[in-house]
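Novice: Let's see this in three dimensions:
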Amino acid sequence: MLVVASSVAGEHPRSDPYSEFDVLIRQLEAERGRESGLESRSNELSANIAGLRDKIIEFVASIQSSEREIAAVEIELGQLEKSYKVAHQELIQNNRHLSASIGGLARLRRNPPEALAFTPIQKTQLRLRVAVLSLFLSALHQDGAKLKHVLSETEGLRIKRVRQHFEWTKEREKLEIERKRLEWILRRKSVLQVNIHIDRQRVAEEVESLASRAADLGELVTVLKLATGNRLKPMPPSIGQRIDAKQSQSSDDSQVVFILPTESSLPYPTWGPVIRSFGERLENGSRSQGIFIQCGSGSYVIAPREGYIVFSGDFRAYGRLLIIEHAGGYHSLLAGFARIYSEIGDWVTAGEPVGVMGDRERQGAVLYIEVRHEGEPISPREWLELLDRKVSR
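Specialist: Here you go, the predicted structure:
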């Protein structure tokens with residue numbers, strides 16, 4: 001019987017469950033290592049993007065500061081140009097009067113009247129007239145000096161304006177390069193994240209399959225252990241549990257927690273005068289549910305606070321609309337863009353550029369800002385001040 005059993009066993013050899021189990025364990029550890037590598041790769045990419053995003057935010061803040069300085073120079077330049085025009089008109093009038101007076105004196109010198117040449121009274125009047133004209137001429141010279149000073153200041157401001165516009169243009173070009181780099185990296189990140197997601201999903205399926213098979217073999221090893229003693233230690237039951245725990249931990253880590261900024265940011269997403277306030281009566285008789293800001297041409301618009309982009313695109317009369325979901329049930333709505341950088345699902349931080357305005361003359365660069373809490377419109381200024389008070393505590 002033993003010989004027959006041996007011959008049968010020789011004809012149909014059974015696979016060694018212990019060696020198969022060792023192979024599966026090695027495969028499982030290899031797949032885990034690969035999954036960990038993919039996760040590290042994703043984290044490294046996210047860190048690089050975060051670093052570049054910080055640079056973009058800093059650069060946009062610098063650009064907005066330059067835009068405000070240029071706007072102040074333009075206002076001062078406009079005031080000086082008005083003063084220049086007034087002084088120039090006065091100078092023209094005075095020159096006309098002076099020319100008429102000098103012309104009259106010249107004619108008198110060339111053709112003096114007989115009576116005037118021999119009448120003491122007329123000579124006295126002539127001297128007085130010459131004295132008055134001399135004073136008048138001196139006053140004109142003083143006005144001319146003032147006008148020259150105004151013209152000098154105006155020219156200096158014009159030169160300053162040209163220089164600042166040149167520097168501004170250079171900064172905008174740099175920003176455009178950085179923005180393109182950011183967009184390229186974001187696109188690269190999206191592609192890699194898709195690949196990583198596919199790879200991780202496949203790896204997770206393989207790991208789950210391996211863990212399932214390992215669990216079956218574990219039962220086999222347990223049964224064999226009863227017959228053979230401690231020839232092989234049973235598979236730790238925590239292998240399958242670790243996988244579930246790791247997946248649970250990854251799920252927890254994927255939840256992004258809303259946090260308030262550590263510093264108070266700009267009161268509005270862009271700079272410019274508020275041309276219509278919250279609650280102001282509109283042409284159709286209704287009340288404004290937001291504020292309207294007159295922006296400079298090509299001004300960048302930043303996220304007022306961090307949050308998720310939940311809408312990005314055209315919406316009825318609002319034009320290009322961007323909606324950001326913030327903590328505490330708040331949503332900020334920004335409309336009037338010429339171009340939007342962010343897409344649905346993006347996470348933006350406070351101060352990060354989300355779009356750019358168009359040309360003021362052709363497109364009317366007016367940014368509409370609306371803030372809602374639990375669906376109800378509230379004052380954007382009150383919302384920002386509320387967050388600032390929370391940050392300062």
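Novice: Just the pLDDT at Ile378, thanks.
Specialist: pLDDT recorded at Ile378 is 90.
Novice: residue contacts, it?
Specialist: For Ile378, the contacting residues are Val371, Arg372, by C-beta atoms under 8 Å, 6 or more residues apart in numbering. Where you see a C-beta, it was placed from the backbone N, CA and C, and this is true even at glycine.
Novice: in the sheet, who's paired with it?
Specialist: Per DSSP bridges, the residues bridged to Ile378 are Val371.
Novice: now it: how far from Thr169?
Specialist: 39 Å (C-beta to C-beta, to the nearest Å).
Novice: can you check Leu367 too?
Specialist: 22 Å.
Novice: Comparing the two, which residue is more hemmed in?
Specialist: Shown here are Leu367 and Thr169; by other C-beta atoms under 10 Å, Leu367 has more neighbours (22 against 10).
Novice: That one: which element?
Specialist: Using DSSP states H and E, Leu367 sits within strand 366-373.
Novice: Just the element for the residue nearest to Ile340 when sequence neighbours are not counted, please.
Specialist: Closest residue to Ile340 apart from its sequence neighbours, by C-beta to C-beta, 6 or more residues apart in numbering: Gly355 at 4.4 Å. Using DSSP H and E, Gly355 maps to strand 353-356.
Novice: Check which strands are paired with that strand and give the direction for each one.
Specialist: Partners of strand 353-356 in the sheet, by DSSP bridges, are strand 300-302 (antiparallel), strand 339-340 (antiparallel).
Novice: related to what we said a few turns ago, what comes up buried for the strand holding Leu367?
Specialist: Residues of strand 366-373 classed as buried by neighbour count (16 or more other C-beta atoms under 10 Å): Val366, Leu367, Tyr368, Ile369, Glu370, Val371, Arg372.
Novice: Quick check: the last one vs Ala145, distance?
Specialist: Same thing as Arg372. 60 Å.
Novice: and what of the third one?
Specialist: Counting by C-beta to C-beta, the gap from Tyr368 to Ala145 is 50 Å.
Novice: what's the answer for the second one, then?
Specialist: Counting by C-beta to C-beta, the separation of Leu367 from Ala145 is 46 Å.
Novice: which other helices and strands contact the strand or helix carrying Phe311?
Specialist: For Phe311, the host element (DSSP H and E) is strand 307-314. Counting contacts by 3 or more C-beta pairs under 8 Å, 6 or more residues apart in numbering; DSSP states H and E, strand 307-314 packs against strand 320-325, strand 347-348.
Novice: Could you check the angle it makes with strand 320-325?
Specialist: 160 degrees (axes from the mean of the first three to the mean of the last three C-alpha atoms, to 10 degrees).
Novice: buried sites along strand 307-314?
Specialist: So for strand 307-314, counting by 16+ other C-beta under 10 Å, buried means Gly307, Tyr308, Ile309, Ser312.
Novice: hmm, who's touching it?
Specialist: Under C-beta under 8 Å, 6+ apart, the answer for strand 307-314 is 258, 320-327, 331-332, 340, 342-348, 354.
Novice: What's the local residue count around Gly319?
Specialist: Residues lying near Gly319 (other C-beta under 10 Å) number 15.
Novice: mind listing what it touches?
Specialist: Ala335, Gly336, Phe337.
Novice: Of those residues, grab the buried ones for ChimeraX.
Specialist: In ChimeraX syntax, the buried subset of the contacts of Gly319 is picked out as below (16+ other C-beta under 10 Å):
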select :335,336,337
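Novice: Among the contacts of Gly319, which are located in strands?
Specialist: Using DSSP state E, the members of those that fall within strands are Ala335.
Novice: Could you report the neighbour count for the nearest residue to Met357 once chain neighbours are set aside?
Specialist: Leaving aside its chain neighbours, Met357 sits nearest to Ala365 (4.2 Å; criterion: C-beta to C-beta, 6+ apart). When neighbours are defined as other C-beta under 10 Å, Ala365 has 23 of them.
Novice: Show me the shaky parts of the stretch 251-393 of the chain.
Specialist: Scanning the stretch 251-393 of the chain for pLDDT under 70 picks out the ranges 251-267, 360-364, 386-393.
Novice: buried sites along the host helix or strand of Ser332?
Specialist: Following DSSP H and E, the helix or strand that holds Ser332 is strand 330-335. Within strand 330-335, the residues that qualify as buried by neighbour count (16+ other C-beta under 10 Å) are Tyr330, His331, Ser332, Leu333, Leu334, Ala335.
Novice: do the same with stretch 287-302
Specialist: For stretch 287-302, the buried set under the neighbour-count rule, 16+ other C-beta under 10 Å, comprises 288-296, 298-302.
Novice: Would you map out the domains in this structure?
Specialist: 14-255, 274-392 (automatic domain parsing).
Novice: just checking, the residue nearest to Met357 touches Val301?
Specialist: No - judged on C-beta atoms under 8 Å, Ala365 makes no contact with Val301 at a distance of 10.1 Å.
Novice: Relative to Val371, how far out is Lys82?
Specialist: With C-beta to C-beta as the criterion, Lys82 and Val371 are 39 Å apart.
Novice: typed the wrong thing, it's Thr270
Specialist: As judged by C-beta to C-beta, Thr270 and Val371 stand 15 Å apart.
Novice: ditto for Ala335
Specialist: Ala335 is 13 Å from Val371, by C-beta to C-beta.
Novice: before we move on, what about Ile177?
Specialist: For Ile177, the distance to Val371 - C-beta to C-beta - is 33 Å.
Novice: same thing with Arg287?
Specialist: From Arg287 across to Val371, the span is 15 Å (C-beta to C-beta).
Novice: Ok, Gly329 next?
Specialist: The separation that Gly329 has from Val371, given C-beta to C-beta, amounts to 11 Å.
Novice: before we move on, the earlier item: touching, the residue nearest to Ile340 and Leu334? I think so.
Specialist: Yes - applying C-beta under 8 Å, one finds Gly355 in contact with Leu334, separated by 7.1 Å.
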